[in-house]
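Student: Okay, sequence plus prediction incoming.
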Amino acid sequence: MKPASVTLIRQELNRLPQKELVQICLRLARFRNENKELMSYLLFETGDEEDFLRSVKHEITQSFSEINPASSYYIRKSIRKILRTVNKFIRFSGSKQFEVEMRLFFCRTMKNTGMLLPEVTSIVNLYAGQLEKVRKLLPSLHEDLRHDYQEELKLL
């Protein structure tokens, strides 16, 4: 089955009564946990972006503290999992400033916890890739923010 385009879906949703729309949203939330997380963000978190940022940073910090440093395999696997979580929250927000803040926080935390292992090429490349994404995003930000983030980027 080929899914309908976003335009067609929008038109159909506009035609539906509110009760049916609520039922569709609830049914959608039951299928995947990520759908439920996105709905929770849209309903409860969009009003207070700073609080959302703090909670995501806390979650990332906690995830880094739970990494098993026994081998580079576990470290690499855990870092990728944390990065998937970061990317998910970036998609939820959709804000360039939020994305830059999260990617810089990820790199800073990775460096401060000692998980940036120079002998493991894949971890170094992952770190460098995040810094490169930040560099590409900087021109789209306000110049005051851009300057602050460039200074932080130089430290990393």
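Tutor: Yep, it's here. Here the structure is a predicted model, which means the values were calculated and not measured.

Student: okay, now the domains of this structure?
Tutor: Structural domains annotated on the chain: 8-45, 48-155, as defined by automatic domain parsing.

Student: what is the mean pLDDT for whichever helix in the chain runs longest?
Tutor: Longest helix of the chain, by residue count under DSSP state H: helix 72-93. Averaged over helix 72-93, pLDDT sits at 90.

Student: and it, how far from the chain's centre?
Tutor: Computed by C-alpha atoms, centre = their mean, to the nearest Å, the chain-centroid distance of helix 72-93 equals 8 Å.

Student: list the buried ones in whatever helix or strand comes next after it?
Tutor: As assigned by DSSP states H and E, the chain's next helix or strand after helix 72-93 is helix 96-112. Of all the residues in helix 96-112, those buried under the rule 16 or more other C-beta atoms under 10 Å are 96-107, 109-110. The C-beta positions use only the backbone N, C-alpha and C, and glycine is treated the same way.

Student: any idea which of the domains of the chain is most buried?
Tutor: Comparing those by mean neighbour count (mean count of other C-beta atoms under 10 Å), domain 48-155 ranks first with a mean of 15.

Student: which other helices and strands contact the helix or strand hosting residue 40?
Tutor: Under the criterion of DSSP H and E, residue 40 resides in helix 33-40. When contacts are defined as 3 or more C-beta pairs under 8 Å, 6 or more residues apart in numbering; DSSP states H and E, helix 33-40 sits against helix 18-31, helix 72-93.
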